[in-house]
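A.B. asks: Here is a sequence together with a model predicted from it:
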Amino acid sequence: MELVFKALADDGRRRLLDALRERNGQSLQELCELLPDLTRQGVTKHLRILEDANLVVTVKRGRHKLHYLNPVPINEIAERWLSNYERDKLRALSALKAALEEET
């Protein structure tokens, strides 16, 4: 679980996960285009950390590798940490936050 927290601690890695959540199965080239402020090696390094944390799974298709989001570790964190808190109140606060953000 420590690797997951480490992987999630970086904004660039969270952006990669968000991109895969929106459209799963992207190549390194596609992910590099989403993060123009990082070099190809930088994106590769971030993907390796995400793979080590089991947040990203890579599948080879011919000469290309496609990257897929694995949401299981994030769900395990949510189950472990949020189960100790009052979920109904957290959901209500989250819904309120989303509603307020839509108004602006």
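C.D. replies: Structure's in. What do you need?
A.B. asks: helix or strand for the most centrally placed residue in the chain, which one?
C.D. replies: Geometric centre of the chain, nearest residue: residue 17, 2.6 Å, by C-alpha atoms, centre = their mean. Using DSSP states H and E, residue 17 falls within helix 11-22.
A.B. asks: circling back to that earlier point, the residue nearest to the centre of the chain and residue 8: what is the separation?
C.D. replies: 8 Å (C-beta to C-beta, to the nearest Å). For the C-beta atoms, the positions are set from N, CA and C on the backbone; glycine is no exception.
A.B. asks: any shared contact partners between those two?
C.D. replies: residue 55 (C-beta atoms under 8 Å, 6 or more residues apart in numbering).
A.B. asks: average pLDDT for the helix holding residue 17?
C.D. replies: Average pLDDT, helix 11-22: 96.
A.B. asks: List the buried residues of it.
C.D. replies: 13, 15, 16, 17, 19, 20 (16 or more other C-beta atoms under 10 Å).
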